[in-house]
Structures are given as C-alpha cells and as structure tokens.
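Trainee: below: sequence and its predicted model.
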Amino acid sequence: MPSIFLRLALAVAGLVLSTSAIAKPTLDVDCTDKQEHHLPSQSLKQVQSAITCSITLRGYRGEVEPLTATAYAQWGTKDALKSTDGKSTSGHLNTEGTKVLFDIPELQPTLEFPTCESFTLRIQVVNDEGPVANKKVQIKQDCSKPKPKPLKASIRCSYEMDDGTMYRYPGNGTRKKPRLQTKELGCQILIPSIPNGQAVDGSLVAMGQPQKSQARDLPPASYAIDAGFSVENGDFKPCSDFDVQGNLTSDGQTVYKGTLAIRQNCPD
C-alpha cells in the first residue's frame with residue numbers, strides 16, 4: 001500500500017497536470033468573405049472580396065480588458081516570406097461570461113492579403129504578458145485559367161488566273177498545280193464553331209512574315225482568319241513549292257496548327 005507521502009506526491013502531480021491543461025486557452029476561428037464562403041473553401045478558387053473573422057477564446061481565466069486579437073496574412077517561400085500588418089481588435093465576454101469574443105475588422109484584398117496566391121491567415125490573441133493563444137487558417141488560391149480545348153479548323157486557299165479560271169486548295173489547284181503569277185493567293189483558316197465567350201486569334205504564313213488577325217464571323221455559324229499572299233510581297237517565289245501554315249491561339253494557348261501544301265508546275 002502506497003505511503004501517505006507517495007499518495008500526496010501523486011495528488012500534487014495530478015493537480016499540476018490538471019491546472020496546466022486548464023491554463024491553455026484555445027481559439028475557434030470562423031472566417032468568411034463577402035459572399036459568405038467559409039474559409040478555407042474547397043470550391044472557392046480565388047478570394048476576391050474582404051475577409052472577416054469571428055474569434056472565440058475558450059478556457060481563458062485572466063482579465064479580459066488587456067486582450068487583443070490580430071489577424072494577418074503570410075505567404076511566399078521560407079527564404080522570401082511576405083506578410084501584412086493585418087487588423088486588430090479588443091475582446092468582450094459573451095453573455096454567459098464563459099468565452100471571450102473578437103470580431104476582426106475587414107481584411108481587404110491586395111492590401112491585407114494576396115488575391116492570386118495561397119496564403120496563411122495567422123490569428124493571435126495576446127495580453128500584457130504576451131501570447132495567449134494562436135491559430136493558422138490555410139487558404140489556397142488557384143488563379144490559373146483552364147487550358148482551352150483544341151479547335152477543329154482547316155486551311156483553304158484559292159487563286160484566280162488572268163483568264164478567270166479559279167483554282168482551289170485543296171481541290172483542282174492541288175491536282176493541277178498551276179503557276180501562280182501576279183495575282184494574290186487568298187487563304188483562310190475556317191473554324192466551324194467557337195465556344196461562347198472564347199477569343200481566338202490566328203495567323204497564316206507562307207514564306208514571308210506571318211499575317212495575323214482575329215477570327216471574324218462567317219455567317220451563318222462559322223468563323224475565319226483571312227490572309228493574302230503574293231510573289232510581289234515576297235510571300236512565295238515564282239514556280240516554287242511552298243506551304244501555307246496556319247495557327248490559332250486562345251488565351252495564349254495554341255488550339256490549332258495546320259499546313260496546306262501549295263505546289264506549282266512550271267514546265268517552261
């Protein structure tokens with residue numbers, strides 16, 4: 001049977017452990033943006049409006065008056081860590097007198113947190129003696145645009161001879177390989193359809209400089225990039241085979257690349 005001294009030592013140790021557990025206050029944090037998304041949010045890719053935080057301090061046994069809560073953002077790498085001053089506020093007891101409540105003033109995008117970079121929202125409660133409790137809220141942001149889907153398109157060219165004969169590529173021009181002389185070879189990138197709201201730029205090039213333009217409407221429901229090539233402008237050489245190359249981009253991403261062969265038959 002344990003001696004009275006051993007029982008007393010165990011009791012004191014238990015009291016110390018119990019007091020130590022009670023003496024560590026905890027924080028509950030609820031942060032939302034203007035659209036009432038609770039942060040962090042799995043569905044929210046970017047925080048674009050002000051953030052407010054409601055903070056509850058539990059298990060605190062000291063005076064409320066000297067307590068201050070601060071919320072600030074921190075982001076970047078370990079070697080290049082960035083942070084803001086954030087916002088601070090004093091606390092007040094709830095009606096039952098069991099918790100200390102804080103309402104952090106609005107944290108503004110760009111000023112108090114980055115709008116296109118993941119960051120940590122650090123919450124800290126302090127009194128006159130130093131830190132009382134703290135908590136971190138990890139907020140992930142992804143501002144990358146989804147990669148546009150490839151577009152279906154094709155290159156078409158045509159050339160009218162001096163006698164009015166029309167040659168088309170692909171078509172009779174591809175088969176007969178006429179000599180292209182003084183007139184212009186007209187080419188298009190034909191696009192059957194473009195998703196709503198998607199901006200498309202394109203270019204066509206033979207042997208000279210690329211000719212660039214935005215996709216224009218081609219009624220009833222298709223689009224085209226237009227260009228004209230000639231010997232005079234140095235776009236191709238007389239009686240020389242060449243390729244017309246087409247390229248379409250959307251949001252800086254290539255969505256189509258194609259080539260159309262132009263062949264010339266010049267027996268004389």
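Mentor: Noted; the coordinates are in hand. Numbers count the residues shown, from 1 in each chain.
Trainee: and the next element down the chain from the one helix or strand L27 maps to?
Mentor: Element membership of L27 [criterion: DSSP states H and E] is strand 26-33. For strand 26-33, the following helix or strand on the C-terminal side (DSSP H and E) is strand 38-39.
Trainee: would you map the helices across the stretch 151-268 of the chain?
Mentor: 172-176 (DSSP state H, counting those that start in this stretch).
Trainee: got a list of contacts for stretch 30-40?
Mentor: 43-44, 47-55, 71, 121, 137-140 (CB atoms under 8 Å, 6 or more residues apart in numbering). Quick note: C-beta positions are derived from backbone N, CA and C, even for glycine.
Trainee: now that stretch, how far from the centre of its chain.
Mentor: Centroid separation for stretch 30-40 versus its chain: 19 Å, with CA atoms, centre = their mean, to the nearest Å.
Trainee: so which bits of that stretch are buried?
Mentor: 31-33, 39 (16 or more other CB atoms under 10 Å).
Trainee: and the pLDDT for V126?
Mentor: Note for V126: predicted pLDDT of 95.
Trainee: for the strand holding L27, what is the average pLDDT?
Mentor: Across strand 26-33, pLDDT averages out at 95.
Trainee: name every strand pairing with that strand and say which way it goes.
Mentor: The strands that strand 26-33 pairs with in its sheet are strand 38-39 (antiparallel), strand 51-58 (antiparallel) (by DSSP bridges).
Trainee: would TSV of those strands with mean pLDDT and distance to Q108 be doable?
Mentor: Shown next, in TSV, are the strands paired with strand 26-33 (pLDDT from 0 to 100; distance: least, CB to CB, whole Å):
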stretch	mean pLDDT	distance to Q108
strand 38-39	94	15
strand 51-58	96	8
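Trainee: now distance to G86 too, for those strands, in TSV please.
Mentor: Listed next are the strands paired with strand 26-33 as TSV, based on distance: least, CB to CB, whole Å:
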stretch	distance to G86
strand 38-39	15
strand 51-58	10
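Trainee: out of these, which is closest to I189?
Mentor: Comparing those by their distance to I189 (CB to CB), the top pick is strand 38-39, with 45.0 Å.
Trainee: once you drop chain neighbours, what's closest to S49?
Mentor: K34 (3.6 Å; CB to CB, 6 or more residues apart in numbering).
Trainee: can you say which of the strands paired with strand 26-33 is packed in most?
Mentor: Comparing the strands paired with strand 26-33 by mean neighbour count (mean count of other CB atoms under 10 Å), strand 51-58 comes out on top with a mean of 19.
Trainee: list the helices and strands the very next helix or strand once past that one packs on?
Mentor: As assigned by DSSP H and E, the chain's next helix or strand after strand 51-58 is strand 68-77. Contacts defined by 3 or more CB pairs under 8 Å, 6 or more residues apart in numbering; DSSP states H and E place strand 68-77 against strand 51-58, strand 80-83, strand 87-90, strand 99-107, strand 119-127.
Trainee: please render the ones you listed as CSV that adds distance to Q245 to the earlier fields.
Mentor: Formatted as CSV, these follow (distance: least, CB to CB, whole Å):
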stretch, distance to Q245
strand 51-58, 49
strand 80-83, 43
strand 87-90, 56
strand 99-107, 51
strand 119-127, 44
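Trainee: name whatever forms a beta bridge with L121.
Mentor: Assigned bridge partners for L121, using DSSP bridges, are A73, V137.
Trainee: could you pull up the residues touching it?
Mentor: Residues near L121 by CB under 8 Å, 6+ apart: 31, 39, 51, 53, 71-73, 107, 113, 136-139.
Trainee: how about these in CSV, adding distance to C157?
Mentor: Shown next, in CSV, are the contacts of L121 (distance: CB to CB, whole Å):
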residue, distance to C157
C31, 59
L39, 55
I51, 56
C53, 63
A71, 63
Y72, 61
A73, 56
L107, 58
F113, 54
K136, 62
V137, 59
Q138, 56
I139, 53
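Trainee: looking at these, which one is closest to G62?
Mentor: A71 (21.1 Å).
Trainee: my guess is that closest one contacts F113. True?
Mentor: No: taking contacts as CB atoms under 8 Å, A71 lies outside contact range of F113: 9.6 Å.
Trainee: mutual contacts of these two, please.
Mentor: Here A71 and F113 share the contacting residues 107, 121, scored by CB under 8 Å, 6+ apart.
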